[in-house]
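Participant: Build me a model:
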Amino acid sequence: MGALDLETRFHLHDGKMTVQRTQDCTNIAEYAKARSNEGHHGSADMKLAASIPFVMIEAYCNQNNIEFSEFMNSQEHKKRLLNDPTLSHFRIWPGRV
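Facilitator: Predicted structure coming up:
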């Protein structure tokens, strides 16, 4: 679901390399919307908050100058990402995390 739409490009300029990753996330957003509309929000003990594409997590880490491991070990970073209104189309459970 969506992983096949991932594209990675390498750019060389002025002796430096940058990596550009893009992904068509339409299928993931549609999946999240369908799960939300069907009420598949998980249980009272374990909410299914969202289905966030990895490229969005990667972009968050790059923008905040953190490593993926720091993101994974930080509830604050996870909450900030999940509550970001620009990513609301990937939310399944509509409540605030």
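
Participant: What are the buried residues along the helix ranked longest in the chain?
Facilitator: Counting by DSSP state H, the longest helix found in the chain is helix 26-37. Using 16 or more other Cβ atoms under 10 Å as the test for burial, helix 26-37 gives Asn27, Ile28, Ala29, Tyr31, Ala32, Arg35, Ser36. For the C-beta atoms, the positions are set from N, CA and C on the backbone; glycine is no exception.

Participant: helices and strands around it, which ones?
Facilitator: Counting contacts by 3 or more Cβ pairs under 8 Å, 6 or more residues apart in numbering; DSSP states H and E, helix 26-37 is packed against no other helix or strand.

Participant: Need the residues that contact it.
Facilitator: 1-2, 5, 41, 48, 50-51, 53, 89-94 (Cβ atoms under 8 Å, 6 or more residues apart in numbering).

Participant: Backbone dihedrals for Arg80, both of them.
Facilitator: phi -60, psi -40 (degrees, to the nearest 10).

Participant: okay, it: pLDDT?
Facilitator: Arg80 carries a pLDDT value of 96.
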